[in-house]
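**Student:** Quick check, what structure comes out for this input:
(one chain, ligands or ions: 2)
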Amino acid sequence: MFCYAVTENSKPLVRIELPTPEPTGSQVLVRVTHCGVCHSDLHLWEGGYDLGGGKRLSLKDRGVSLPIVMGHEILGVVARLGPDAKGAGLKEGTPYAVFPWLGCGSCPECLAEEDNMCRVKPNALGVYNPGGYGEYVLVPHPRHLVDISGLDPAVAATYSCSGITVWSAIAKVMPMAPDDPIVLVGAGGLGLNAVAVLRARGHRAIIVVDIAEGKRKAATEAGASAVVDGAGDPSEVARRITEAAGGPVGAVIDLVNGSATARAGFEALRKGGKLILVGLFGGELALPLPLVPTRALTVRGSYVGNPKELRDLVRLAKEGRVAPLPVRTRPLADINAVLDDLLGGRVVGRVVVEHPGG
Ligand SMILES: [Zn+2]
Ligand SMILES: [Zn+2]
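**Tutor:** Ligands and ions are numbered 1, 2, ... in the order given. This is a model prediction of the structure:
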């Protein structure tokens, strides 16, 4: 099978050939038709994350070795079934979203369908195993596939990462009254999907923070009730947030998660407020420790989502309640130009690459 692979960090992806896997046991071989290009691909491409204080998390040290076939917002059709996957009711020609955040498959978390929280071994597609910038992906079990018939495939592709990531982060701040402001930091693919999901769940007060005017405009068009310029000193940004909200806020979901955005989010919280850290921009946050107990604050991480959340999101989308985020499709062969655009901050919403013969 052909793949566009990272063969050297930060260098253009190279088209290579890899053996097409043969499904065994409960495995399903999926022929990829679409794949969303996620911001986290940039970190994989560069080979690590900034941990702040001059420290870096190297993906090589975490067992991610080159070449990597990236791409984890995968849609496709069933190509071949392993012998134990045959009775699962998967249909030929049906478009499926692939749940990519795989684990070991046998620990308590994986068995509870919380594969993303696997305590043994991460096995994500597009990170540890070949992903959607290749012709085929191998899925361990039919439960990792969700039928998306009737949905726009380019939009549905984004549900496997940005969709469930925001779904899961929002679940961690709910319940909140519909007019109690929820702040979203970052109006990229994640932020716009978060606006759509909050609106679908009936939430009305949604404040979006971004440094780029074009992205703030996109957030307003997606249904944000207010937008805030995220540029400048974090305390000043926090002041702008509380001004827009009419006071300190109960929830900030930081989809950027850099030193400055996390600081601004933390300072904007009211008593009992929650700061949910989602993005992987990098940096560090120094907490004034006495404030955490005396104001009963929560600072919590949220990492992607699980197959149950993907099914819930797809169900809501099929009911027509999740507004589609702006998506642009481009041919897979343009993947290097797409990554450059993403790196340069020139992408509004999401780019989804289409495979030849999709
Ligand atoms: Zn992603
Ligand atoms: Zn596991």
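
**Student:** What distance do you get for Gly283 to ligand 1?
**Tutor:** Going from Gly283 to ligand 1 by C-beta to the ion, to the nearest Å gives 19 Å. From N, CA and C alone the C-beta is placed, and that goes for glycine too.

**Student:** residues contacting that residue?
**Tutor:** 50, 52, 257-260, 262 (C-beta atoms under 8 Å, 6 or more residues apart in numbering).

**Student:** Which ones among those map onto strands?
**Tutor:** 50, 52 (DSSP state E).

**Student:** Can you flag the buried ones in the contacts of Gly283?
**Tutor:** Among the contacts of Gly283, those buried by neighbour count (16 or more other C-beta atoms under 10 Å) are 50, 257-260, 262.

**Student:** Next, format those as TSV and append distance to ligand 1.
**Tutor:** Conversion of the buried ones among the contacts of Gly283 to TSV gives the following (distance: C-beta to the ion, whole Å):
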residue	distance to ligand 1
Asp50	17
Asn257	14
Gly258	17
Ser259	21
Ala260	22
Ala262	19
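
**Student:** Partner strands of the helix or strand bottoming out on mean pLDDT in the chain and their direction?
**Tutor:** For the chain, the helix or strand with the lowest mean confidence is strand 48-52, at a mean of 74 (criterion: mean pLDDT, DSSP states H and E). Strand 48-52 has the following strand partners under DSSP bridges: strand 55-58 (antiparallel).

**Student:** What's the first helix or strand after the partner strand?
**Tutor:** Tracing the chain past strand 55-58, the next element assigned as helix or strand by DSSP states H and E is strand 73-81.

**Student:** quick one: is that following strand near ligand 1?
**Tutor:** No: judged by C-beta under 5 Å from the ion, strand 73-81 makes no contact with ligand 1; its nearest approach is 6.3 Å.

**Student:** isn't Ala212 right up against Gly345?
**Tutor:** Yes: the criterion here is C-beta atoms under 8 Å, and Ala212 meets it with Gly345 at 6.9 Å.

**Student:** ok, those two, which is more surrounded?
**Tutor:** The neighbour comparison of Ala212 against Gly345 (other C-beta atoms under 10 Å) goes to Ala212, with 16 against 12.

**Student:** Now do the more buried one, the pLDDT please.
**Tutor:** Looking at Ala212, its pLDDT reads 95.

**Student:** May I have the residues that are in contact with it?
**Tutor:** 187, 345.

**Student:** residues making contact with the least confident helix or strand of the chain?
**Tutor:** Residues contacting strand 48-52 (C-beta under 8 Å, 6+ apart): 43, 56-60, 259, 280-284.

**Student:** The same query, at a cut-off of 6 Å, please.
**Tutor:** 43, 56-59, 280, 282-284 (C-beta atoms under 6 Å, 6 or more residues apart in numbering).

**Student:** Return the distance of that strand from the chain's centre.
**Tutor:** Offset of strand 48-52 from its chain centre (C-alpha atoms, centre = their mean, to the nearest Å): 18 Å.

**Student:** Report pLDDT for the closest residue to ligand 1 within the stretch 151-300 of the chain.
**Tutor:** Per C-beta to the ion, Cys161 is where the stretch 151-300 of the chain lies closest to ligand 1, at 3.2 Å. Cys161 is assigned 93 on the pLDDT scale.

**Student:** so what's it up against?
**Tutor:** 38, 72-73.

**Student:** Next: Ala244.
**Tutor:** Contacts of Ala244 by C-beta under 6 Å, 6+ apart are 207, 226, 228.

**Student:** is it true that the second one touches Ile206?
**Tutor:** No: checked against C-beta atoms under 6 Å, the pair Ala226 and Ile206 is beyond contact range at 7.8 Å.

**Student:** where does Ala222 fall, phi/psi-wise?
**Tutor:** phi -80, psi -10 (degrees, to the nearest 10).

**Student:** give me the number of residues near it?
**Tutor:** By other C-beta under 10 Å, the residues close to Ala222 number 23.

**Student:** how far away is Cys107 from Glu113?
**Tutor:** 12 Å (C-beta to C-beta, to the nearest Å).

**Student:** likewise Pro100?
**Tutor:** Distance from Pro100 to Glu113, by C-beta to C-beta: 14 Å.
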